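> Structure of the sequence below:
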Amino acid sequence: MLVVVPIRALKYIEIRVWALFLGIAAAVLLYVNVPHVLHPLGGTEPPTCEGRTMSQSEFCRVDTREAGIRRLSYEEMQQQEKDDNRDKAVIWTIVGTGAAVLALIFVVPIGSRKSAARRGKGRTSASARRTAGPPSRRGIR
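Numbers count the residues shown, from 1 in each chain. Modelled structure (predicted):
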């Protein structure tokens, strides 16, 4: 059995499917990362310095562009790890919020255009536009 579906309907369905996937991805990103913005992970396990686990009496030599070479204690390295985890969570929360906004943009305007067209306030079809003008002179003598 062959089912014929208008192309406009396929585009509408396809956009809604993409918006659904985008909305699900946004929900997952927000669900996972928002709690880590408020209560970041890390800071409880021993930090590492150049791939080696630090002891509490050690200092780590860190070379940064802004401050140059710095010596960080065990507690400072734990705090830096916690801050890095919070920064990553903030970035992914922003990405999740952006994805949620895009999903809403894809769904809401299309739905409102469809409902306006159903009420007769939307665009007129091509055949209605052709017949809407003044009558042609063809066939009139």
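
> Show me what the longest helix anywhere in the chain is packed against.
The single longest helix within the chain, with elements called by DSSP state H, is helix 74-118. Counting contacts by 3 or more C-beta pairs under 8 Å, 6 or more residues apart in numbering; DSSP states H and E, helix 74-118 is packed against helix 7-38. (C-beta placed from N, C-alpha, C; glycine too.)

> Any chance you could list what contacts the helix or strand just after the helix it packs on?
On the C-terminal side of helix 7-38, the closest following helix or strand by DSSP states H and E is strand 48-49. Contacts to strand 48-49, defined as C-beta atoms under 8 Å, 6 or more residues apart in numbering, come from residues M54, E58, C60, R61, M77.

> From those residues, list the buried ones, please.
Using 16 or more other C-beta atoms under 10 Å as the burial test, the contacts of strand 48-49 include M54, C60, M77 as buried.

> orientation of the longest helix of the chain relative to helix 7-38 in degrees?
In terms of direction (axes from the mean of the first three to the mean of the last three C-alpha atoms, to 10 degrees), helix 74-118 departs from helix 7-38 by 150 degrees.

> Check the spacing between D87 and E81 real quick.
Here D87 is placed at a distance of 11 Å from E81 (C-beta to C-beta, to the nearest Å).

> the more surrounded of these two?
The residue with more neighbours, out of D87 and E81, is E81; 18 against 12, by other C-beta atoms under 10 Å.

> and the residue nearest to that one when sequence neighbours are not counted, what does it touch?
With C-beta to C-beta, 6 or more residues apart in numbering as the criterion, E81 has its nearest non-adjacent residue at 4.4 Å, and that residue is G42. G42 sits next to Q78, E81, K82, D84, N85 when contact means C-beta under 8 Å, 6+ apart.
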